[in-house]
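In: Structure of the sequence below:
(one chain, ligands or ions: 2)
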Amino acid sequence: MLETKTIDTTFYKLPLIEVRPLTSDSVKLTFGVPKELKVAYRFVPGQYLTLRSVIDGKRVSRCYSICSSADSGELSVAIRRVKGGLFSSHAVSQFAVNDVVEVMPPMGQFMLSSDRKGSFLDIGTRSTERGTTLVTERCYAAVAGGSGITPILSMITTVMSVEPQSHFVLFYANRSERTMMFRDELKAIQRQCKGRFHLVSIYSDSAETEPLIHHAVASVLEPNTTGLAQTSADIIPPNLKILLQQLPDLMSADSWYLCGPQAMTDRLKQVLAESGVDESRIQRELFTADTRESVLVSPRDEDKSELCSQIKVIFEGLSIEFHLEQEGEVVLNEALKHRDDLPHACQFGACGTCRAKIISGSAVMKENMALEDEEVEEGYVLTCQAQPTSRVLALSFDE
Ligand SMILES: Cc1cc2nc3c(=O)[nH]c(=O)nc-3n(C[C@H](O)[C@H](O)[C@H](O)COP(=O)(O)OP(=O)(O)OC[C@H]3O[C@@H](n4cnc5c(N)ncnc54)[C@H](O)[C@@H]3O)c2cc1C
Ligand code: FES
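Out: Ligands and ions are numbered 1, 2, ... in the order given. Got it, this is the predicted structure:
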């Protein structure tokens, strides 16, 4: 049974046992996990690893969602090169078998689990007793864009293997079939799990503009079709609304998982909510944040001269102290100048790697897409987003 564990922010050195190109700009990496670390690297489908490497003499860490099935015994991620991207370019062009990469154990709240705390096998679902066997029968739905397929693939392969009565419907948007990551794997699952896995592919670069809706309906209703919907990814949200009306089973899907560009997933969340899908059944993962100003939460409206500048950060029992000179500056940016091994990855408030607890003083977060309300109530903040609101602020990564 899969379950979550206490957070371990140690970077362990793992060897690459397989490096497999997926497309011209993406690669799948599989890590060898020694026996003594197997428990530390157990994961719930949807979670990610934080990888760290020295690139051009600088330590660089980034998050990558696990793409392997939770019951496969394999630990893999897939990385797509981002134009001008430091880590992704290095990974796609340089990583080779036997290279050793620093890898933090799995983290993240985007999980194949409606309670988002424990095993996805434990959640209350449509289960029926058949003899002595508990047969779980759920319907999962997901929308992925580009490299956003990685956590979803882990979910699909795990569900297909662990819940033989469950269904999974995937809408997968790419520029073209050529740039589609895991194309062969998805088609193979479709063949092997006829009637249980439904794939609707959307290609935005296609010359044809056949409406998505007809293909989508055909794909979901007729399991043997490939479900090619050659149209623009932009039309997914409005057409999903129509689709939900036509397919009541989809409407009552137990869980929705969204992973793709922020604008697309924002709109999808809205469409699902308008269609009556309860917010608690929708989970979203972002790989990067769109540039935006509106969501920023400003520090409390108080005398700016009262804002603190003296910061103490504790990590692995050692403390560093520094001043924040600039108003609005976040703690992590300055802290990294003093210790570059502080846990962090995305730096836009999505991954939760930089979580620390306030020991004294107060702070506000510009953005929080990672911490639960209870964690915030307990005094945790994302240091990449934390701006002090007291004269002195002490934070610990060790709590
Ligand atoms: C929880 C989580 C899971 C993730 N899982 C995956 C995964 O499974 N596979 C994967 O390929 N990536 C994944 N990412 C994205 C990954 O962590 C990096 O952000 C990405 O590889 C770019 O890093 P870089 O060092 O190459 O680019 P950087 O050097 O950091 O950035 C270079 C430029 O690219 C822009 N940029 C950064 N990230 C993206 C992006 N994702 N898309 C478009 N532009 C971007 C930056 O704004 C910057 O202008 C995930 C991110 C998060 C937070
Ligand atoms: S580094 Fe990802 S939330 Fe702060």
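
In: The residue in the stretch 101-250 of the chain that ligand 2 sits nearest to: what's it in contact with?
Out: Using CB to the nearest ligand atom, the single residue of the stretch 101-250 of the chain nearest to ligand 2 is residue 107, 9.5 Å away. (Each C-beta comes from the backbone N, C-alpha and C, glycine too.) Residues near residue 107 by CB atoms under 8 Å, 6 or more residues apart in numbering: 7, 47-50, 351-353.

In: can you check residue 363 too?
Out: Contacts of residue 363 (CB under 8 Å, 6+ apart): 331, 381, 386-390, 393, 395.

In: anything in stretch 342-361 near ligand 1?
Out: Yes. Remark: stretch 342-361 sits within contact range of ligand 1 at 346, 350-351, by CB under 6 Å from any ligand atom.

In: buried stuff in that stretch?
Out: 342-358, 361 (16 or more other CB atoms under 10 Å).

In: rewinding a little: for residue 245, state which of the residues of stretch 342-361 next to ligand 1 is nearest.
Out: residue 350 (31.9 Å; CB to CB).

In: my guess is that closest one meets residue 284, correct?
Out: No. The criterion here is CB atoms under 8 Å, and residue 350 misses it with residue 284 at 9.8 Å.

In: Ramachandran coordinates for the residue in the stretch 1-150 of the chain that ligand 2 sits nearest to?
Out: Closest to ligand 2 within the stretch 1-150 of the chain is residue 63: 7.1 Å, counting by CB to the nearest ligand atom. Backbone torsions of residue 63, given as degrees, to the nearest 10, read phi -90, psi 140.

In: What about the residue in the chain that ligand 1 sits nearest to, how many residues nearby?
Out: Closest to ligand 1 within the chain is residue 85: 2.2 Å, counting by CB to the nearest ligand atom. By other CB atoms under 10 Å, 14 other residues sit near residue 85.

In: Model confidence for it, exactly?
Out: For residue 85, the model assigns a pLDDT of 95.

In: How many residues are close by the residue lying closest to residue 365 once chain neighbours are set aside?
Out: In space, and not counting its chain neighbours, residue 365 is closest to residue 385: 4.1 Å by CB to CB, 6 or more residues apart in numbering. Residues lying near residue 385 (other CB under 10 Å) number 25.

In: Could you do residue 113 as well?
Out: There are 22 residues near residue 113, going by other CB under 10 Å.

In: so where does it fall, helix or strand?
Out: When elements are assigned from DSSP states H and E, residue 113 belongs to no helix and no strand.
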